[in-house]
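>>> next one to model:
(2 chains)
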Number of protein chains: 2
Amino acid sequence: MTEKKVAVVLSGCGVYDGAEIHESVLTLLALNRQGAVYQCFAPDIDQHHVIDHLNGQEMDEHRNVLVESARIARGDIKPLSEFDAGEFDAIMFPGGFGAAKNLSSFAFEGPDCRVNEDVSSAVKAMAEKRKPIGALCITPAVIARVLDGARVTIGQDKDTAAAIEAMGGHHEQTRHGQVTVDEKLNLVTSPCYMLEASIIEIAEDASNMVTEVLRRAG
Amino acid sequence: MTEKKVAVVLSGCGVYDGAEIHESVLTLLALNRQGAVYQCFAPDIDQHHVIDHLNGQEMDEHRNVLVESARIARGDIKPLSEFDAGEFDAIMFPGGFGAAKNLSSFAFEGPDCRVNEDVSSAVKAMAEKRKPIGALCITPAVIARVLDGARVTIGQDKDTAAAIEAMGGHHEQTRHGQVTVDEKLNLVTSPCYMLEASIIEIAEDASNMVTEVLRRAG
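Predicted structure coming up:
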């Protein structure tokens, strides 16, 4: 059996303006532990803004999503424009506000949000090939904007769930340890830090998402 | 039995100019999984420099070690100047170049390096109370500069090992899965990314270090 090859799409480096770091690292760990290899990707675009993670305030700085994501990937990352769905068995999106601020405008425009073209193309290309897609935390809302009628979970948050329904998606309430599977779209989602969580629960949610995606891959 | 309380000292956010992200996250995970609680700290100082993790080049930017470390800690972090050895059962240092560039000048001055005062004070205060200290990757070299005659490992790198000996320390060669224990100083070290490593090996090294430190704590 050959190793399954999974693309992991990051959105910066840090929960408030980029990819959530714990979710990202624990997704990579789960992939390796479950016998898969990964390649990180991120769009080569400016971040929407830079947040001081100590005080929550916006900083007068400009950072690039690909360059900052490279911190999590230890430099081994490619521009998402180079992603080729033919080369991968699955694609995954850890969470963090970067998904709602950089990969899309969901944080600002809710159900009317725009999705970054590279993200949208990658998701659609995988869906067309019936290859599985995994998404954690807030990223299921982004997928629901791209794929019509997606059945996803972001945990329990009523406003986000309503936005997903407004985009034509279906929201399932979940707790830690649960994943929501959309059989038709081959889409696996889990709440992670959209619920109050310890880092142990993040490891479990990420691992459960990875297990279900790999079961469906290849 | 009360939970053991562990201080984790970060040095920024990203392997080339700050704390190594995988080592940091997997140390936090191991602590929670092994029943301990943690509080992150970092010195409130400017980074030595900012490295573009995509191409390895220095960027014309200024970043603060505490503010960037807050990304790994999701905002829950304190200035290292507020660290009180009386409140903690152990202290730990994940690796990354931040230890050798921000916590100390080891990357530039080797065995003649200076160590940040807050780092030096925290290490000495724990050593005086005979409370255990854990250090991963390159950080054992920093500890060896602070504590005389420290027995540590940074894996196999000959130049770093020679620098440790030049500072009056003792270097033990190790492979992944091994920890070096200095019984006298109650100091536990492990190589992590100072050796070629997969993220699985980082999780194991961090977990082994945490196990040995917690066994010695409280």
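>>> residue boundaries of the strands in chain A?
A:5-9, A:37-42, A:50-51, A:58-59, A:77-79, A:90-93, A:133-136, A:151-155, A:170-173, A:180-182, A:187-190 (DSSP state E).
>>> what lies in contact with the top helix by length along chain A?
When chain A is scanned for its longest helix (criterion: DSSP state H), the result is helix A:199-216. Helix A:199-216 has contacts (Cβ atoms under 8 Å, 6 or more residues apart in numbering or on different chains) with A:4, A:6, A:22-23, A:26-27, A:29-31, A:33-36, A:90, A:92, A:94, A:132-136, A:176-179, A:181, A:186, A:188-193, A:195, A:197, B:25, B:28-29, B:32-33. The way it works is simple: take the backbone N, C-alpha and C, and place the C-beta from them, glycine included.
>>> one more time with 6 Å, if that's ok
A:4, A:22-23, A:26-27, A:30-31, A:34, A:36, A:90, A:132, A:134, A:176-177, A:179, A:186, A:188, A:190, A:192, B:28-29, B:32-33 (Cβ atoms under 6 Å, 6 or more residues apart in numbering or on different chains).
>>> now it: average pLDDT?
For helix A:199-216, the mean pLDDT works out to 97.
>>> can you tell me the closest non-neighbouring residue to the most centrally placed residue in chain A?
Nearest to the geometric centre of chain A sits A:F93, at 2.1 Å (Cα atoms, centre = their mean). Ranked by Cβ to Cβ, 6 or more residues apart in numbering or on different chains and with sequence neighbours excluded, the top spatial neighbour of A:F93 is A:T139, at 3.9 Å.
>>> from what I can see the one you found touches A:F97, true?
No - checked against Cβ atoms under 6 Å, the pair A:T139 and A:F97 is beyond contact range at 10.6 Å.
>>> beta partners for the residue nearest to A:D17 when sequence neighbours are not counted?
Closest residue to A:D17 apart from its sequence neighbours, by Cβ to Cβ, 6+ apart: A:I51 at 4.3 Å. Per DSSP bridges, the residues bridged to A:I51 are A:E58.
>>> how near is A:N102 to chain B?
A:N102 is 15 Å from chain B, where distance means Cβ to the nearest Cβ, to the nearest Å.
>>> please apply the same query to A:V142.
In terms of Cβ to the nearest Cβ, A:V142 sits 21 Å off from chain B.
>>> just give the number of residues close to that residue.
28 (other Cβ atoms under 10 Å in any protein chain shown).
>>> might you report the residue contacts of it?
A:V142 neighbours (Cβ under 6 Å, 6+ apart): A:A99, A:L103, A:S104, A:V115.
>>> so the third one versus A:S121, what's the distance?
Okay, so that is A:S104. 13 Å (Cβ to Cβ, to the nearest Å).
>>> interface residues of chain A facing chain B?
Within reach of chain B by Cβ under 6 Å from any Cβ of the partner chain, chain A has these residues: A:14-15, A:21-22, A:25, A:28-29, A:32-33, A:52-54, A:67, A:70-72, A:74-75, A:198-200, A:203.
>>> surely A:G98 and A:G12 touch.
Yes - counting by Cβ under 6 Å, A:G12 is a contact partner of A:G98 at 4.0 Å.
>>> what's the neighbour count on A:S198?
Using other Cβ under 10 Å: A:S198 sits among 15 other residues.
>>> so who does the nearest residue to it once chain neighbours are set aside touch?
Leaving aside its chain neighbours, A:S198 sits nearest to B:N32 (5.8 Å; criterion: Cβ to Cβ, 6+ apart). Applying Cβ under 6 Å, 6+ apart, we find B:N32 in contact with A:S198, A:I199, A:I200.
>>> next, format those residues as a markdown table and append distance to B:E165.
Shown next, in a markdown table, are those (distance: Cβ to Cβ, whole Å):
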| residue | distance to B:E165 |
| --- | --- |
| A:S198 | 41 |
| A:I199 | 37 |
| A:I200 | 39 |
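>>> closest to B:G168 among the residues you listed?
Taking Cβ to Cβ as the measure, B:G168 sits nearest to A:I199 out of the contacts of B:N32, at 36.9 Å.
>>> do you know how far the closest one is from B:N32?
With Cβ to Cβ as the criterion, A:I199 and B:N32 are 5 Å apart.
>>> please apply the same query to A:E196.
With Cβ to Cβ as the criterion, A:E196 and B:N32 are 14 Å apart.
>>> same thing with A:V123?
33 Å.
>>> swap in A:A122?
Between A:A122 and B:N32 the computed distance is 33 Å (Cβ to Cβ).
>>> also A:S69?
25 Å.
>>> same question for A:A206.
Relative to B:N32, and taking Cβ to Cβ, A:A206 is found at 14 Å.
>>> likewise for A:T189?
From A:T189 to B:N32 the distance is 24 Å (Cβ to Cβ).
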